[in-house]
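[1] next one to model:
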Amino acid sequence: MDPVIDAIRQELTAHGDPDVRKCSGRFFREEIRCYGIKTATVSSIAKKYWKEVRPREKQEIFALCEDLYRSGMLEEAFVVSAWAPLLADRYEPQDIAVFRHWIDTYITNWAACDGLCNHAVGDFIVRYPGGIEELQRWTQSENRWMRRAAAVSLVVPAKRGMFLTEALAIADLLLTDTDDLVQKGYGWLLKEASRKHTDEVFSYVMANKRDMPRTALRYAIERMPEDLKAEAMKKDW
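    This is a model prediction of the structure:
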């Protein structure tokens, strides 16, 4: 085992709190494995050990991240979520395959999915917009986390007003998905896109609300003015 991984695990173990561990489980339907550590503490530990790993080659850091994922521990996944975006200036087009592998192999809950995708994968897409085609392929995966990842990877860029057309295309591909965590994922994407493009997202919702699950619809319109919300929620068919 790499000494850095060993040190991180020892520190995470030392900070574990049974009460926090018990409380953490309430946020997930799936059974999760965790040390029981508050997010701020995990972030501090990740930052501390990043100083040690930063000088290493990118592929070596990716290998450390995979070691952390293999444990199945939630906080170790959070360390990956903290480290991976810090490599953004070293990303290359082929790195999307690394993210695909991690999501398909190791991600087992919404927190680990969103933690990696919101920033690391989102940053990748900003640098390499051609990666949108990869996200579109993810929408057809049998793995619910791949499908959610297709949407939540665009959340942060969409919040900035980017990729509206692409966000709507992802929503189209996920529109009738029966998994509520996927519905929430693309609904969240539409909500963030509505910050800068309220009219366009509202028009999209109105055109598709007959087929859109109510869970996704409610997320999509959450930031809209009350009159638009009321109009969107009308079941007028």
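[2] which non-adjacent residue is nearest residue 209?
    residue 217 (5.9 Å; C-beta to C-beta, 6 or more residues apart in numbering). Just so you know, the C-beta spots here come from the backbone N, C-alpha and C atoms, and that holds for glycine as well.
[3] so where does that neighbour fall, helix or strand?
    helix 214-220 (DSSP states H and E).
[4] heading C-terminal from that helix, find the next helix or strand.
    Next along the chain from helix 214-220, counting by DSSP H and E, comes helix 226-233.
[5] residues of that following helix that come out buried?
    For helix 226-233, a neighbour-count test (16 or more other C-beta atoms under 10 Å) marks 228-229, 231-232 as buried.
[6] again, but for stretch 189-208
    189-194, 197, 200-202, 204-205, 208.
[7] make JSON lines out of those residues and add secondary structure, distance to residue 68 and pLDDT.
    Conversion of the buried residues of stretch 189-208 to JSON lines gives the following (DSSP: H, G, I helix; E, B strand; the rest coil; distance: C-beta to C-beta, whole Å; pLDDT from 0 to 100):
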{"residue": "189", "secondary structure": "helix", "distance to residue 68": "27", "pLDDT": "98"}
{"residue": "190", "secondary structure": "helix", "distance to residue 68": "32", "pLDDT": "98"}
{"residue": "191", "secondary structure": "helix", "distance to residue 68": "31", "pLDDT": "98"}
{"residue": "192", "secondary structure": "helix", "distance to residue 68": "28", "pLDDT": "98"}
{"residue": "193", "secondary structure": "helix", "distance to residue 68": "32", "pLDDT": "98"}
{"residue": "194", "secondary structure": "coil", "distance to residue 68": "35", "pLDDT": "97"}
{"residue": "197", "secondary structure": "coil", "distance to residue 68": "37", "pLDDT": "98"}
{"residue": "200", "secondary structure": "helix", "distance to residue 68": "39", "pLDDT": "98"}
{"residue": "201", "secondary structure": "helix", "distance to residue 68": "36", "pLDDT": "98"}
{"residue": "202", "secondary structure": "helix", "distance to residue 68": "41", "pLDDT": "97"}
{"residue": "204", "secondary structure": "helix", "distance to residue 68": "38", "pLDDT": "98"}
{"residue": "205", "secondary structure": "helix", "distance to residue 68": "39", "pLDDT": "97"}
{"residue": "208", "secondary structure": "helix", "distance to residue 68": "39", "pLDDT": "97"}
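[8] just the pLDDT for the nearest residue in space to residue 204 that is not next to it in sequence.
    Nearest in space to residue 204, with sequence neighbours left out and distances taken as C-beta to C-beta, 6+ apart, is residue 168 at 5.6 Å. Predicted confidence (pLDDT) for residue 168: 98.
[9] how near is residue 168 to residue 174?
    According to C-beta to C-beta, to the nearest Å, residue 168 and residue 174 sit 11 Å apart.
[10] which of the two has more neighbours?
    With neighbours defined as other C-beta atoms under 10 Å, residue 168 and residue 174 compare such that residue 174 has more, 25 against 21.
[11] how close does that one sit to residue 150?
    7 Å.
[12] quick one: common contacting residues for the two?
    Common neighbours of residue 174 and residue 150, using C-beta atoms under 8 Å, 6 or more residues apart in numbering, are 139, 185.
[13] can you list the weak-confidence ranges in the protein?
    25, 237 (pLDDT under 70).
[14] domains of it?
    1-90, 109-237 (automatic domain parsing).
[15] now distance to residue 99 too, for these, in JSON lines please.
    Formatted as JSON lines, the domains of the chain follow (distance: least, C-beta to C-beta, whole Å):
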{"stretch": "domain 1-90", "distance to residue 99": "8"}
{"stretch": "domain 109-237", "distance to residue 99": "5"}
